[in-house]
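Next come a sequence and a model predicted from it.
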Amino acid sequence: GREAGAKGEYAKALAEFEEAARADPFDPDPPYLGGLTLLHMDRYEEAVRQFELTERLAPGWFHVRTDLWMAREMAAGRLQRGTFLAARVAEDGAIPPEKKLELLDGAIDKAPRVALLHLLRGEQLARLGRGAEASASFREGLALEADPDTRTRLLLSAALTLPPDDKERRALLREAADLGGNLTAGAMAALALRRKA
């Protein structure tokens, strides 16, 4: 299924993920990957159901909470397919950070109020060694309404741009640890607080 999806053979990929889900109905990965595939196929309501199933099987699996939010927004017509595609390429695409940054800048021009795009833009800026711009991008994302998964990631990323003894850093880490959004980012925030780092 993964191989077929990587080639853009989405119908074949979906069939493989459905077969995998029948083989092991407790594994969250097949419905999660099926949901992503359905988004590529513009079948948004079905994608919502697959992400909801993933969340029931394994709460917080990878980025299921953000992907579920995205699927619901696309189903409601509030988020365009191009925004989803830009986010997918920025997170998982095999192109250099400079190209991802160009893609995200274009996506933000079209959808400036999508916090996820600002998070992903900040991550690319950080990879390019442009720390001050990365910090600004994370803060732009925090100023917007965001699903809890994305907000947790933004809080952690913004906190890590600040000096270890900064009071705001601790406040951002505390909010990230307590939010219950992205489990990995929340755990990293909690660990940073314990280490006073």
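Okay, I see it.

Every contact and neighbour count from this point should use C-alpha atoms.
Fine.

give me the number of residues near Gln50?
By other CA atoms under 10 Å, 24 other residues sit near Gln50.

quick one, helices of the chain?
Counting by DSSP state H, one finds helices in the chain at the ranges 2-6, 10-23, 29-40, 44-57, 64-75, 81-92, 97-110, 115-127, 131-142, 148-159, 167-179, 183-195.

Arrange those in TSV, one row each, with mean pLDDT as further columns.
Listed next are these as TSV, based on pLDDT from 0 to 100:
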stretch	mean pLDDT
helix 2-6	94
helix 10-23	98
helix 29-40	98
helix 44-57	98
helix 64-75	97
helix 81-92	95
helix 97-110	97
helix 115-127	97
helix 131-142	97
helix 148-159	97
helix 167-179	97
helix 183-195	94
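
Could you find the closest non-adjacent residue to Leu173?
Ala189 (5.0 Å; CA to CA, 6 or more residues apart in numbering).

thinking that neighbour is in contact with Ala177, fair?
Yes: Ala189 is in contact with Ala177 according to CA atoms under 8 Å; the separation is 5.3 Å.

The two - which one has more neighbours?
Neighbours were counted for Ala189 and for Ala177 using other CA under 10 Å; Ala189 has more, 28 against 25.

can you tell me how far the closest residue to Gly5 other than its chain neighbours sits from Glu19?
Spatial nearest neighbour of Gly5, chain neighbours left out: Ala13 (5.2 Å); criterion: CA to CA, 6+ apart. From Ala13 over to Glu19 the distance is 10 Å, taken as CA to CA, to the nearest Å.

between these two, which one's more packed in?
More neighbours surround Ala13 than the other of Ala13 and Glu19, with 22 against 14 (other CA under 10 Å).

Pretty sure the more buried one sits against Ala20.
No: counting by CA under 8 Å, Ala20 is not a contact partner of Ala13; they are 10.6 Å apart.

what number of residues lie near Arg43?
If we define neighbours as other CA under 10 Å, then Arg43 has 16 of them.

Use 28 as the first number from now on
Fine by me, first position is 28 from now on; the one you just mentioned is Arg70.

contacting residues around it?
With contact taken as CA atoms under 8 Å, 6 or more residues apart in numbering, Arg70 is in contact with no other residue.

For Arg108, see how far away Arg178 is.
21 Å.

Those two - which one has more neighbours?
Legend: neighbour count by other CA under 10 Å for Arg178 and Arg108, higher for Arg178 (27 against 16).

which residues sit in contact with that one?
Arg178 sits in contact with Ala142, Leu169, Ala203, Gly208, where contact means CA under 8 Å, 6+ apart.

Compute the number of surrounding residues for the spatially closest residue to Arg140 that is not a sequence neighbour.
Distance criterion CA to CA, 6+ apart; nearest residue to Arg140, sequence neighbours excluded, is Leu171 at 6.3 Å. Neighbour count of Leu171, defined by other CA under 10 Å: 15.

Also Asp51?
Asp51 has 12 nearby residues by other CA under 10 Å.

which ones are touching Arg148?
Lys127, Leu128, Leu131, Asp132, Ala161, Ser164.
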